[in-house]
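Participant: Here is the input, now give the coordinates:
(one chain, ligands or ions: 1)
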Amino acid sequence: MHSHLLPGLDDGVKEMETSIAYIRQLHELGYSKLICTPHILSDIYPNSRQTILPKLYALREELAKANIPVKVEAAAEYMMDHEFAELVERSKKEDLLTISNQYILVEMSYLAASPHVEQIIFNLRMLGLQPILAHPERYNYYHHNFEQYERFKELGCKLQLNLLSLSGGYGPHVKKTGEKLLKNGLIDFVGTDMHHEMHMKMLQKLASTKDFYELMEGHEMLNKRLM
Ligand SMILES: [Fe+2]
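Facilitator: Here you go, the predicted model:
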């Protein structure tokens, strides 16, 4: 439910043939549906419905030609910056790229929390959407402010853990925080946040790691609601 597999839109996959190759490998790992969430980040990744949906349709065609039975959908990963705050204020629910018409994937900078984040969450809730905060374990400024994660949940925000965090791909502190969030029952969704070859290798390794299955045991994720 969080991946950068639509080619040429952001810092994820660049070419269609690479997208097909990765989706084939993810299918071999057991994935049957993927939601592609290109970044939307002001001038850096100025994506919209107009850039994202044609790529989704092209990808579906190529997957059909290659006989890969994986369903793909598209939404977006919105950076909660000033532009996004304004977009939410002037938008209707239908104008935004949502997941299952119910959720919207949002992220913050790794350097500092978004100003007005609570107002943005409130406005999204007023539109009838539930925000999913991407990779909360990667925001180092919250590592020693664990109550903030509970505060997000109180505000009606869902939390999505990156599987790559559990493999140690972003360092030991992110791994530890990810595990703690999971053990405290604060995680609602898991996602790959798949961008490139190194991520693919890490996901393959994680899928054969006993610790990973032990850690996930007893923690029911909401991903199945999106099937
Ligand atoms: Fe992402």
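Participant: Neighbours of residue 45, how many?
Facilitator: 18 (other CB atoms under 10 Å). From N, CA and C alone the C-beta is placed, and that goes for glycine too.
Participant: For the chain, which segments count as strands?
Facilitator: Ranges of strands in the chain, per DSSP state E, are 33-36, 39-40, 71-74, 77-79, 103-107, 130-134, 158-162, 189-191.
Participant: can you tell me which of these comes nearest to the ion?
Facilitator: strand 77-79 (4.7 Å; CB to the ion).
Participant: Which neighbouring elements make contact with the closest one?
Facilitator: Here strand 77-79 touches strand 39-40, strand 103-107, going by 3 or more CB pairs under 8 Å, 6 or more residues apart in numbering; DSSP states H and E.
Participant: Does the ion have contacts with the first one?
Facilitator: Right, strand 39-40. No. Legend: contact between strand 39-40 and the ion by CB under 5 Å from the ion is lacking; minimum distance shown is 6.6 Å.
Participant: what lines up beside that strand in the sheet?
Facilitator: strand 77-79 (parallel) (DSSP bridges).
Participant: So what's the gap between the strand it pairs with and the chain middle?
Facilitator: How far strand 77-79 lies from its chain's middle: 9 Å, per CA atoms, centre = their mean, to the nearest Å.
Participant: What mean pLDDT does that strand get?
Facilitator: Averaging pLDDT along strand 77-79 gives 98.
Participant: buried ones in it?
Facilitator: Buried residues in strand 77-79, counted by 16 or more other CB atoms under 10 Å: 77-79.
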